[in-house]
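Enquirer: structure of the sequence below:
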Amino acid sequence: VQHLVDLSSAPTIKVSITGAAAITSFGPGKHLFRLLTFADGGALLTHNATSLKLPGLANIKTQAGDRCFVTTDASGNATVFAYSRADGSALSYAGRSPSFRNRIRNGDFSVNQRAVSGTVTLAAFARGHDGWQAGSGGCTYTFATSAGRTTITITAGSLYQTIEGALYLPEGGTYTLSWGGTAQGRIYQGSAGAYAGSPVTASGLTAGTNTVVEFSTGTVSLAQLEPGNAPTPFEYRDDELRRCQRYFERVRTIFGGTAANGGAGIYITGFYKVTKAYTPTITNISVAASANLTSTNILGVDKDTFQPYGVSGGTGGYAFDASFYASAEL
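Expert: Numbers count the residues shown, from 1 in each chain. All right, here's what the predicted structure looks like:
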């Protein structure tokens, strides 16, 4: 490949491009239509608003086996369209990338609904920051935030996340895990493989199957799992808390009234902020106030609601103020 690839010199519609140099022009040919295949990958298609228009109006780094169509107009100006990655992953543009790339929730460790602090010591499979839990050997870690970026320092054990395959891995195939820091990571479905430094690529992942990303000792920040065999810049999102609340949420319930007599059953329906991935387990973590109520419990639970219940202790006013964890974690 040279900086100028003259498509007018190609006698057929299908053209194979070899080499890895930057491509800034497809030559002076007019009214051309070509199907290109990049045999080697590594070439940089360089966007030009007039002479070489690319999808996303940005440069594209080619990968081996990528394909696209090219047309030229009456002045020989080229337009690239229907660009297709060989591995089926979404096209990423230099400087910006498509959304729904990062399949990890809370990859920036910004959500901490359990309010863990200091040195976090977790027993096997116990949970810390939202979405993350200790491996089979437990986990000890600390964390610090600087300039809006939280870094986890794992000093013992491992920290992992199970990613909901039905929602976050609909494509299957090849995925790449990347992160900042010194920890080693791995991706697996079923049996765990070896750890390696960032980035780590796994091929042949089954579509719709829950998938684990796990980190060993060292530092971790901005963890990202995305389709394809190459990492892209970390995807920041403004709905990270709601993504986490699909699996875990702290709920506060307050109700009160007047009981006509003792022994009356009293309940209300509580609603979660976010519909849960599965029917959650409800755990009462604190009771701030409970007056004239006995035998408080939970009646019914589904993915959208739960029903705190109590029995009036006697005639007169009653009140209840409590906080619960609703957990539908994988």
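Enquirer: C-alpha only now, for contacts and for neighbours.
Expert: OK.
Enquirer: contacts for the helix ranked longest in the chain?
Expert: Criterion DSSP state H: the longest helix present in the chain is helix 240-245. The contact list for helix 240-245 (CA atoms under 8 Å, 6 or more residues apart in numbering) reads Arg105, Asn106, Val111, Asp130, Gly131, Lys273, Val274, Lys276.
Enquirer: are any of these buried, and which?
Expert: Neighbour-count burial (16 or more other CA atoms under 10 Å) applied to the contacts of helix 240-245 gives Arg105, Asn106, Val111, Asp130, Gly131, Val274, Lys276.
Enquirer: how close does the fifth one sit to Ala78?
Expert: Distance, Gly131 to Ala78, using CA to CA, to the nearest Å: 46 Å.
Enquirer: re the thing from before, check which residues of the longest helix of the chain are buried.
Expert: So for helix 240-245, counting by 16+ other CA under 10 Å, buried means Glu240, Leu241, Arg242, Arg243, Cys244, Gln245.
Enquirer: now do stretch 44-60
Expert: 44-48, 51-55, 58-60.
Enquirer: lowest pLDDT pick from the residues you listed?
Expert: Among those, Ala58 carries the weakest pLDDT, at 74.
Enquirer: right, and that residue touches Thr46 too?
Expert: Yes. Contact criterion CA atoms under 8 Å: Ala58 and Thr46 qualify, at 7.4 Å.
Enquirer: now do the helices in this structure.
Expert: For the chain, the helices defined by DSSP H occupy 165-168, 240-245.
Enquirer: ok, back up a step: now the longest helix of the chain, how far from the centre of its chain.
Expert: The gap between where helix 240-245 is centred and where its chain is centred comes out at 11 Å by CA atoms, centre = their mean, to the nearest Å.
Enquirer: again with stretch 52-71
Expert: With CA atoms, centre = their mean as the basis, stretch 52-71 stands 26 Å off its chain's centre.
Enquirer: could you dump that stretch to PDB, C-alpha only?
Expert: Extracted in PDB, the C-alpha atoms of stretch 52-71 (Å, rounded to 0.1, in the frame of the first residue of the first chain):
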ATOM      1  CA  LEU A  52     -11.900  10.700   0.800                       C
ATOM      2  CA  LYS A  53     -15.000  10.700   2.900                       C
ATOM      3  CA  LEU A  54     -15.100   8.000   5.600                       C
ATOM      4  CA  PRO A  55     -17.900   6.700   7.900                       C
ATOM      5  CA  GLY A  56     -18.000   8.800  11.000                       C
ATOM      6  CA  LEU A  57     -16.000  11.500   9.300                       C
ATOM      7  CA  ALA A  58     -12.900  10.100  11.000                       C
ATOM      8  CA  ASN A  59      -9.900   7.900  10.300                       C
ATOM      9  CA  ILE A  60     -10.200   4.100  10.300                       C
ATOM     10  CA  LYS A  61      -7.500   1.700  11.300                       C
ATOM     11  CA  THR A  62      -8.000  -1.400   9.100                       C
ATOM     12  CA  GLN A  63      -7.900  -5.000  10.300                       C
ATOM     13  CA  ALA A  64      -7.100  -8.100   8.200                       C
ATOM     14  CA  GLY A  65     -10.200  -9.200   6.400                       C
ATOM     15  CA  ASP A  66     -12.200  -5.900   6.700                       C
ATOM     16  CA  ARG A  67     -14.300  -5.000   3.700                       C
ATOM     17  CA  CYS A  68     -15.900  -1.800   2.400                       C
ATOM     18  CA  PHE A  69     -17.400  -0.300  -0.800                       C
ATOM     19  CA  VAL A  70     -15.900   2.800  -2.400                       C
ATOM     20  CA  THR A  71     -17.500   5.000  -5.000                       C
END
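Enquirer: which other residues reach it?
Expert: So stretch 52-71 is contacted by 24-26, 31-49, 77-86, 92-95 (CA under 8 Å, 6+ apart).
Enquirer: got any ranges where the chain has weak pLDDT?
Expert: 1-3, 56, 90-98 (pLDDT under 70).
Enquirer: contacting residues around Phe81?
Expert: Leu54, Pro55, Cys68, Phe69, Val70.
Enquirer: against Glu235, how distant is Asn102?
Expert: Distance from Asn102 to Glu235, counting by CA to CA: 6 Å.
Enquirer: and if you look at Phe38?
Expert: To Glu235, Phe38 is 27 Å away according to CA to CA.
Enquirer: repeat for Asn229
Expert: 16 Å.
Enquirer: quickly list what Cys139 is bridged to.
Expert: Applying DSSP bridges to Cys139 gives these bridge partners: Leu122, Gly157.
Enquirer: from memory it sits against Thr153, does it?
Expert: No. Using CA under 8 Å, Cys139 is not in contact with Thr153; the gap is 10.5 Å.
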